[in-house]
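Chemist: sequence and predicted structure, then a few things I'm wondering about:
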Amino acid sequence: MSGLEDLYREIILDHYKNPRNQGTLETPPAVVEQGYNPLCGDEVKVFLVVEDEIVKDIKIDGQGCSISRSSASLMSNAVKGKSVKDAQTTIRTFKKMLALKDEDDIDGETIEPINEHTVGELIALQGVVKFPVRIKCATLPWNTLTQALQSAMAK
Amino acid sequence: MSGLEDLYREIILDHYKNPRNQGTLETPPAVVEQGYNPLCGDEVKVFLVVEDEIVKDIKIDGQGCSISRSSASLMSNAVKGKSVKDAQTTIRTFKKMLALKDEDDIDGETIEPINEHTVGELIALQGVVKFPVRIKCATLPWNTLTQALQSAMAK
Amino acid sequence: MANELMVDNILDQGVLDAQAIKNDFPIFKEVKQDPFVYLDSAASSQRPYSVIKSMDDYYRQTHANVHRGVYRIAEQATNLYENARCHLGKFLGAPHPELEIVFTKNATEAFNLFAQGYGRKFLSPRDVVLITKMEHHANIVPWMILKEQIGFELRFLDFDDDGQLILDDIEEKLKGVKILGVTMASNVLGTINPVKELTQMAHSVGAVVIADGAQYSPHFTTNVKDLGVDAYCTTAHKMLGPTGIGALWAKRSILQEMYPFLGGGEMIQNVTTEGFTTNDIPHKFEAGTPPIAEAVGLDAALTYLEGVSLTAIRAHELSLLTYAMDLMEERFGSRIKVFGPRDPKKRSGVISFELEGVHPHDVSQILDQEGVCVRAGHHCAKPLMTSLNVPATARASFYLYNTEEDVEALVAALERTEDFFK
Amino acid sequence: MANELMVDNILDQGVLDAQAIKNDFPIFKEVKQDPFVYLDSAASSQRPYSVIKSMDDYYRQTHANVHRGVYRIAEQATNLYENARCHLGKFLGAPHPELEIVFTKNATEAFNLFAQGYGRKFLSPRDVVLITKMEHHANIVPWMILKEQIGFELRFLDFDDDGQLILDDIEEKLKGVKILGVTMASNVLGTINPVKELTQMAHSVGAVVIADGAQYSPHFTTNVKDLGVDAYCTTAHKMLGPTGIGALWAKRSILQEMYPFLGGGEMIQNVTTEGFTTNDIPHKFEAGTPPIAEAVGLDAALTYLEGVSLTAIRAHELSLLTYAMDLMEERFGSRIKVFGPRDPKKRSGVISFELEGVHPHDVSQILDQEGVCVRAGHHCAKPLMTSLNVPATARASFYLYNTEEDVEALVAALERTEDFFK
Ligand SMILES: Cc1ncc(COP(=O)(O)O)c(C=O)c1O
Ligand SMILES: Cc1ncc(COP(=O)(O)O)c(C=O)c1O
């Protein structure tokens, strides 16, 4: 089960069982975006309040597997309070960690090396790389966050 | 080439090179029906004058291979001057000879055994049975005749 | 390829010897995974040697394009292809097997063909198409696409807690209905629907019926004539056949009326710069080079199934299903919820379930680690998932090559899954 | 299966050793016919061992349904399928190979997909679709079906006595044109069309271009980016691959704009009783279980072709073609009429011809008796036949495994045909 241990690390199971920032926010003022994983039917809603280009609040709602829910929970911790720009960098870093080329990353910005310093708790999700089918589970909340950030900025 | 000899008997080559009843008839009084063989692009037109339930005149026009043209030529000889009813029987007999069940033959009429007496020169086409792909060539004019008889009777 | 088809001695008092059958399927020896407990035949079945060999032989000895060649191997290929058509027609109990089977690439294309060929011709904005909430997307989305094009009402039949269609208000539901689409057996719940009775009711209001046989024909004797339906779809890869081929069966009169669907070679009688005329049925609906080798493989698959007999297959699956449901109940009690009919006799060999506190995706992941292959997801039946109020389920499904040991491996792996997430 | 792929030593100063290649194709040993001179690869090619074996291995070791399984063999199957997509994308020179290839059942479906997905969205009654009189029905009938549905003008480009498109009045012809459909290489005349130039002209009036590569990609290096076309269709069975799979390539932006076509599983993102949303490209266009084993076989076919190299294949075919045209001229003079360009360099390896006084069907029949397989008929190009003013032609076509002896057998058999009908 060594592969599995990588996939289901303590930290993931903890965030799965005790998801942070769960719930909904009133829209408006919040924006909300919904993501589906057509593979398995998982859904995630990301509620976001952005003020002065800062992610003031974020809540996660929806159903999903341990990977997508813990990823969402970890994500909410990672971006809450950050500037929109920093949040976007975090998204890119996370995707790099899962070895997904970010197609829209055309600004030539270099992304820091991936380690516990740069990504913090998110490193727990690195084991997902070995399970390509589950990468979509892990990235679903992040793609939805990208959309939510766009909606929030477009307002 | 023994199989081939069956397919291309003297009589077939003769009717191919010197097709009988070739040409067109003025419509009206004649009716005309057109048949295609989607397999090979062959076309045949059957012009028919029916008076008093007798096939007074028949002409064949179109392009085709040795089998379809000789079949048309032999057919025109076989039905010209016959009553419509006898012509229809000839069609059924011919199809039986090529071992095609006539789906619309629901009147329970028994068909005579196939031999030179009952089908005359048409027997030359019996060899086609061994070449299933060519059966469509042989029957194309006959199916078109069936339609032409129907049009003529419907007038 | 020695033991090609050893179906003669596999019947043991009407129940088949699944272990012997397993030997006919190379994957159980050659897969690079041990153990390998394959419980996902509802998604796609495995193939016996005889099916693989039939396609090999075809490519090695006979291949040529069909229908348009005068030379011998083209004629042989055409015969093989047309024989497969006839065989499938007979397998389904079609009155005119040589005319009524249209080969498609899968069951999904067959539904699209029917929706666009028949639906588009006969539906108008005020009509109703009635389907059920347990349909596979293949019998939902084609109607939605057509609805966007021409407009009509798409209505749904509900089902109850036991996974049975609710027919109390069927008369009301049938009002205005022109087409009824219903699955023979649900790929999620296993429910076997009363399609014969539904068809009678639908016919009494002048509607035509299309049945989804994708999960039925691999496991039960099918007779479309007896069912009375007007159209029926199936797919080869779920019945030991290759990928790349499925079929629409429809009554001759229906096929004759239908619009052509895909345009191209072979489906035409003539083409000018002005327009085209269509070929006779069934060729009218088969545009382009058809799946020839795949038809040959399907033919061999049907032969294999007939050799074992659908009756024996059903009996075997029923016994596995009962064993599995009992064992799951015994080990997990209320911690496992099995969806669909409680009575195994009312269902086909699929078990969709929920393990308390563990997402189906995670269930499937841990099971895979134990060598047990089950599917997790919405099983292409999202409205059904919504009705069940779950995002997804895990699903184990049985076929003729599964054994009681497979069931036991499943249950043992589920126990380990529970432990893992405790 | 010993000599799986012996492509390393078949290049002899840039020209391939067709006899060695023949050894890679089991049918030349196992067909139950002697002699067996296969000159119908334009209808469908034969398959090397490696292609057959790749599909066998897939069924014997890996088969599972793709995209929806969490377990290992499902993931492996998905990878094989997606790798095949990428491989074909690269083979065609696609900028985004993993996104821009849609697998279909054949080239014909690909045209229908484009017509219904792109055409139906962007055409209105006053627009024009321009195609050529040398198109295969696959690039004609889908437009006619769409025209019946929404109305627009379907216009044709003529060709001249040398089988070349007449472009003198191209500016006039392009007026109002929204879509130009043109074949890369005619399956009857062999003509290689100036698609790159045509595309530039079409783009200058804002039209998009779909090219028919069914007769091109098996024989020539393809680069859709260099051609500049917007969409491109091809089919596996003409390029050493299996039946049951073809593909549409289109620019990412085009695919993104297109309506979905077939509805069902896998092409959706979500389905409720109210409607559905579509999946990302290319999955949006692949409804139901795809031709998985067939994709694996196509992948192996491309590998084989790349091993031999398309450059060598073309060189070889050109030399056979030249030899054949010269020999026919020498033996029959004006009694044989070869259609299409007189210069072999301007054509692909197909020779459609008319033998004086003998119908093509009869030619093909007698040739078959001599073991020579050629096609006779309209070759799914009826408007072209009308332009040539013939009901049908006989057609011999060459591929990498054909030899000079094959050409000689053809000519000898034609001489016997002439004698027979004398
Ligand atoms: C030029 C051309 N286009 C399209 C096709 C259609 O290919 P398929 O039959 O595989 O759909 C063919 C082959 O018949 C062809 O020669
Ligand atoms: C009930 C049902 N209908 C239709 C289908 C579609 O079959 P295919 O994917 O072969 O088109 C499936 C299989 O996924 C199914 O289970």
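Modeler: Great, that's in hand. Ligands and ions are numbered 1, 2, ... in the order given.
Chemist: straight-line length of stretch C:130-144, end to end?
Modeler: 12 Å (CA to CA, to the nearest Å).
Chemist: what mean pLDDT does that stretch get?
Modeler: Average pLDDT, stretch C:130-144: 98.
Chemist: if I look at A:Y36, how far off is C:T272?
Modeler: 47 Å (CB to CB, to the nearest Å). Where C-beta positions appear, they are placed from N, C-alpha and C, glycine not excepted.
Chemist: give me the more crowded residue out of the two.
Modeler: A:Y36 (21 against 12; other CB atoms under 10 Å in any protein chain shown).
Chemist: let me see the mean pLDDT of the host helix or strand of the more buried one.
Modeler: Secondary-structure element containing A:Y36, defined by DSSP states H and E: strand A:31-37. Averaging pLDDT along strand A:31-37 gives 91.
Chemist: show me which residues of chain C are close to ligand 2?
Modeler: C:106-108, C:136, C:138, C:183, C:187, C:212, C:214-215, C:235, C:246, C:380 (CB under 6 Å from any ligand atom).
Chemist: at 5 Å what do you get?
Modeler: C:106-108, C:136, C:138, C:187, C:212, C:214-215, C:235 (CB under 5 Å from any ligand atom).
Chemist: okay if I get those as JSON lines plus neighbour count, secondary structure and distance to D:V177?
Modeler: Shown next, in JSON lines, are those (neighbours: other CB atoms under 10 Å in any protein chain shown; DSSP: H, G, I helix; E, B strand; the rest coil; distance: CB to CB, whole Å):
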{"residue": "C:N106", "neighbour count": "31", "secondary structure": "coil", "distance to D:V177": "35"}
{"residue": "C:A107", "neighbour count": "31", "secondary structure": "helix", "distance to D:V177": "38"}
{"residue": "C:T108", "neighbour count": "31", "secondary structure": "helix", "distance to D:V177": "34"}
{"residue": "C:H136", "neighbour count": "26", "secondary structure": "coil", "distance to D:V177": "41"}
{"residue": "C:A138", "neighbour count": "32", "secondary structure": "helix", "distance to D:V177": "37"}
{"residue": "C:N187", "neighbour count": "29", "secondary structure": "coil", "distance to D:V177": "46"}
{"residue": "C:D212", "neighbour count": "30", "secondary structure": "strand", "distance to D:V177": "42"}
{"residue": "C:A214", "neighbour count": "30", "secondary structure": "coil", "distance to D:V177": "42"}
{"residue": "C:Q215", "neighbour count": "28", "secondary structure": "coil", "distance to D:V177": "47"}
{"residue": "C:T235", "neighbour count": "30", "secondary structure": "strand", "distance to D:V177": "40"}
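Chemist: which ones among those residues also lie next to chain D?
Modeler: When contact is defined as CB under 8 Å from any CB of the partner chain, these meet chain D at C:106-108, C:136, C:138, C:235.
Chemist: nearest to chain A, of those residues?
Modeler: C:H136 (13.8 Å; CB to the nearest CB).
Chemist: show me what contacts the closest one?
Modeler: Counting by CB atoms under 8 Å, 6 or more residues apart in numbering or on different chains, C:H136 touches C:183, C:187, C:212, C:214, C:379-381, D:264-265.
Chemist: separation between C:R314 and chain D?
Modeler: For C:R314, the distance to chain D equals 23 Å [CB to the nearest CB, to the nearest Å].
Chemist: secondary structure element for that residue?
Modeler: C:R314 belongs to helix C:310-332, assigned by DSSP H and E.
Chemist: partners of the helix or strand that that helix is followed by in the sheet?
Modeler: Downstream of helix C:310-332, the first helix or strand assigned by DSSP H and E is strand C:336-338. Applying DSSP bridges, strand C:336-338 is found paired with strand C:350-355 (antiparallel).
Chemist: the strand holding A:Y36 pairs with which strands, and in what direction?
Modeler: When DSSP bridges is applied, strand A:31-37 pairs with strand A:42-51 (antiparallel).
Chemist: got the CA coordinates for the helix or strand that the partner strand is followed by in PDB?
Modeler: Next in sequence after strand A:42-51, counting helices and strands by DSSP H and E, comes strand A:54-63. The C-alpha coordinates for strand A:54-63 follow below in PDB (Å, rounded to 0.1, in the frame of the first residue of the first chain):
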ATOM      1  CA  ILE A  54      -7.600  41.000  -1.500                       C
ATOM      2  CA  VAL A  55      -9.400  37.600  -1.000                       C
ATOM      3  CA  LYS A  56     -11.400  38.700   2.100                       C
ATOM      4  CA  ASP A  57     -13.400  35.500   2.400                       C
ATOM      5  CA  ILE A  58     -13.700  32.200   0.800                       C
ATOM      6  CA  LYS A  59     -16.100  29.300   1.400                       C
ATOM      7  CA  ILE A  60     -16.400  25.900  -0.200                       C
ATOM      8  CA  ASP A  61     -19.500  23.900  -0.700                       C
ATOM      9  CA  GLY A  62     -20.200  20.700  -2.600                       C
ATOM     10  CA  GLN A  63     -19.600  17.000  -2.600                       C
END
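Chemist: return the set of buried residues in strand A:54-63.
Modeler: A:54-55, A:57-62 (16 or more other CB atoms under 10 Å in any protein chain shown).
Chemist: can you list those residues in a markdown table and add distance to chain B and pLDDT?
Modeler: What follows is these, written out as a markdown table (distance: CB to the nearest CB, whole Å; pLDDT from 0 to 100):
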| residue | distance to chain B | pLDDT |
| --- | --- | --- |
| A:I54 | 70 | 95 |
| A:V55 | 66 | 95 |
| A:D57 | 68 | 95 |
| A:I58 | 64 | 97 |
| A:K59 | 64 | 96 |
| A:I60 | 60 | 96 |
| A:D61 | 59 | 95 |
| A:G62 | 55 | 89 |
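Chemist: ok, the residues you listed vs chain D, which is closest?
Modeler: A:G62 (12.7 Å).
Chemist: okay, now A:P28: neighbour count?
Modeler: 9.
Chemist: what of C:H67?
Modeler: For C:H67, using other CB under 10 Å, the count is 22.
Chemist: the one 3 residues further on now?
Modeler: C:V70 has 28 neighbours, counted by other CB under 10 Å.
Chemist: what's the answer for C:E172, then?
Modeler: 7.
Chemist: what residue is smack in the middle of chain C?
Modeler: C:A214 (1.3 Å; CA atoms, centre = their mean).
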